[in-house]
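**Q** no sequence on this one, just coordinates:
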């Protein structure tokens, strides 16, 4: 709400003009001029630093057309801007404060929270509020480092806040009295001041109940009890001399209780960015303060051992001093113990205890989460390795068996034997294989067969032929078995020719080309899986026997084709 984007400025202008639109209806010239102003508003560019002059110009033109005072239009502009913010953030704005004074004093804490959420920090130029009650019951609101458009709209915003949130009619006037948030010369400060008067009898401030004593002697708590109840508090006078310390801060400082301490010797203000003087702290009472103990005052050279305390500055008018009530900024037991403190040093009423315990619980959960993540990663690697082995097994099954048979075996189903009517089979063997085995070592024979059958297997894949089995020097393939085909004989014939060609490229251990004889026959066969531990896909039937006999009746380097296959 304290920053105006160009789109919001334009929307506020439109709503301001719409509010007065009914006053020009029926007056042709006035209505025309008013339309021109509205049109100018729609296409205005409010992204530069001169937007306040442009907004002021549009509102001045509107006031001239309507015959109204400029201040009235300006006030309406502020009210419409607050209404837009209220529509979007009603729940938050209603929760800021119980009175109008608390509402404006609560804005600094709200802005600090918003800045922290976005990872930003307050600067010396950050906007802030200070709302004080005057003796006559009126309020004076100081707005430091205002955004130029927000400052322009502030009169109407204050009135709208009173009406919308607290149902108050207030009279607001801008006054010349100025304060500076940093305590410097008021003539040089960048700020605005507004006097807020009540139109009716209602509460805009919180007053003490009647009959409440304001005499210090009537206080029903001793200093020692107060220091134990609020261990992280301190009081200092206008000379910044420390008057009183809580037990927690006393432990941190390790100071001599009989010695007069200066605030600047023991502490430094981290937030807000103000110098540690009594007057400057008074101007930021509505802002959360974070102070930090100094290493030299804590008796340690390690800057990590210093403690930050976050809390509130309260002006104690009866003694003209300032009371700081805070809590240590720690969220882990290690941080607490590292500063020489224990959980018992934090009062039970302080939420910091819960923060630390929740932090420890989160730490334990993080450790468990890391172990779970590690176990999950191990399971994922194991699962991936299992999937790879599964893929290898499936690929092996598909390389040994026809596709449908391999799928049934993988799924654990029983494979039923099937009859295939149109199948062409090829049987082959090596001429003189027994003599070759007698003359060579087993390793030489295996090497020769591996080289030959590797070439045959490659050709089977190229011609899409199913390899049935190899037994010794016998090599058996079939077409029309794993995939139904009307021209199953042709790929087998091409395979036979290619086998004759490839066999000449492979030499026996004694250096001679291998000689093959091949037999081919077509017909119906019965095929099924035999065995469980080492299953084999076997062909049965009279036509299988005939194909084998055509091979055995063939001559070296000849292909014996049956009449059925030839046709």
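**A** Thanks, I have it. Here the structure is a predicted model, which means the values were calculated and not measured. Numbers count the residues shown, from 1 in each chain.
**Q** What ranges in the stretch 51-200 of the chain fall below the confidence cut-off?
**A** 51-52, 122, 124, 177-189, 200 (pLDDT under 70).
**Q** Do a quick rundown of the helices in it.
**A** 51-66, 70-94, 100-105, 107-117, 148-166 (DSSP state H, counting those that start in this stretch).
**Q** Save these as CSV, and put in distance to residue 295 too.
**A** (C-beta placed from N, C-alpha, C; glycine too.) Output for the helices of the stretch 51-200 of the chain, formatted as CSV (distance: least, C-beta to C-beta, whole Å):
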stretch, distance to residue 295
helix 51-66, 47
helix 70-94, 39
helix 100-105, 34
helix 107-117, 25
helix 148-166, 41
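**Q** mind checking which helix or strand residue 380 is in?
**A** Using DSSP states H and E, residue 380 falls within helix 352-400.
**Q** what distance separates that helix from the middle of the whole chain?
**A** In terms of C-alpha atoms, centre = their mean, to the nearest Å, the centre of helix 352-400 is set 21 Å apart from its chain centre.
**Q** Any buried residues in whatever helix or strand comes next after it, and which?
**A** Of the helices and strands lying after helix 352-400 in sequence (DSSP H and E), the nearest is helix 403-410. Across helix 403-410, burial judged by 16 or more other C-beta atoms under 10 Å covers 405, 406, 408, 409.
**Q** residue ranges with poor pLDDT in the chain?
**A** 1-4, 22-52, 122, 124, 177-189, 200-217, 254-258, 297-304.
**Q** Outline the domain layout of this protein.
**A** 6-198, 223-350, 352-400, 415-566 (automatic domain parsing).
**Q** Would you format the ones you listed as a markdown table with mean neighbour count included?
**A** Below are those laid out as a markdown table (neighbours: other C-beta atoms under 10 Å):
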| stretch | mean neighbour count |
| --- | --- |
| domain 6-198 | 16 |
| domain 223-350 | 17 |
| domain 352-400 | 12 |
| domain 415-566 | 17 |
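**Q** What strand or helix carries residue 227?
**A** Going by DSSP H and E, residue 227 is in helix 223-229.
**Q** any idea how far residue 218 is from residue 133?
**A** 23 Å (C-beta to C-beta, to the nearest Å).
**Q** Looking at the buried residues of helix 403-410, which two lie furthest apart in space?
**A** Pairwise distances across these (C-beta to C-beta) peak at 7.4 Å, for the pair 406 and 408.
**Q** can you tell me which of the helices of the stretch 51-200 of the chain comes nearest to residue 247?
**A** Closest among these, using C-beta to C-beta: helix 107-117, at 26.8 Å.
**Q** Which strands or helices does that closest one pack on?
**A** strand 128-133 (3 or more C-beta pairs under 8 Å, 6 or more residues apart in numbering; DSSP states H and E).
**Q** Against which helices or strands is the strand it packs on packed?
**A** Strand 128-133 packs on helix 100-105, helix 107-117, strand 139-144, going by 3+ C-beta pairs under 8 Å, 6+ apart.
**Q** what separates that strand from the chain centre, distance-wise?
**A** Mean C-alpha position of strand 128-133 versus that of the full chain (C-alpha atoms, centre = their mean) differs by 38 Å.
**Q** Which residues does that strand contact?
**A** With C-beta atoms under 8 Å, 6 or more residues apart in numbering as the test, strand 128-133 has contacts from 100-101, 104-105, 107-108, 111, 139-145, 179, 181, 205, 272, 283-287.
**Q** Stretch 361-372 now?
**A** Residues from elsewhere that reach stretch 361-372 (C-beta under 8 Å, 6+ apart): residue 332.
**Q** Also stretch 244-263?
**A** 223, 227-228, 230-236, 240-242, 266, 276, 293, 297-299, 307, 309, 328, 339-341, 345-346.
**Q** that older thread, which of the helices of the stretch 51-200 of the chain sits closest to residue 442?
**A** Of the helices of the stretch 51-200 of the chain, nearest to residue 442 by C-beta to C-beta is helix 107-117, at 80.1 Å.
**Q** Identify the residues contacting the closest one?
**A** So helix 107-117 is in contact with 2, 92, 96, 121-122, 126-129, 271-272, 284, 286-288, going by C-beta under 8 Å, 6+ apart.
**Q** repeat that for 10 Å
**A** Applying C-beta atoms under 10 Å, 6 or more residues apart in numbering, the external contacts of helix 107-117 come out as 1-2, 92-93, 95-97, 120-123, 126-131, 143-144, 271-272, 284-288, 290, 312.
**Q** same check, this time on stretch 546-566
**A** Contacts for stretch 546-566 (C-beta under 10 Å, 6+ apart): 423-432, 474-476, 478, 488-489, 492-493, 496-497, 499-500, 503-504, 513-523, 525, 539, 541, 543.
**Q** What's the end-to-end length of it?
**A** 14 Å (C-alpha to C-alpha, to the nearest Å).
**Q** same check, this time on stretch 129-143
**A** Where stretch 129-143 starts and where it finishes are 5 Å apart, if you go by C-alpha to C-alpha.
**Q** hmm, back to that, determine the residues that are contacts of both of residue 406 and residue 408.
**A** In contact with both residue 406 and residue 408: 397, 415, using C-beta under 10 Å, 6+ apart.
**Q** Give me the distance from stretch 72-79 to the chain's centre.
**A** Offset of stretch 72-79 from its chain centre (C-alpha atoms, centre = their mean): 42 Å.
**Q** Then stretch 429-442?
**A** With C-alpha atoms, centre = their mean, you get 72 Å for stretch 429-442.
**Q** what's it in contact with?
**A** By C-beta under 10 Å, 6+ apart, stretch 429-442 touches 444-449, 452, 471-476, 503, 506, 508-510, 512, 514-519, 548, 551-552, 554-558.
**Q** That one: end-to-end distance?
**A** So stretch 429-442: terminal residues 18 Å apart, C-alpha to C-alpha.
**Q** for the closest residue to residue 70 other than its chain neighbours, what are its contacts?
**A** Leaving aside its chain neighbours, residue 70 sits nearest to residue 63 (4.7 Å; criterion: C-beta to C-beta, 6 or more residues apart in numbering). Neighbouring residues of residue 63 by C-beta under 10 Å, 6+ apart: 20, 69, 70, 71, 72, 73, 74.
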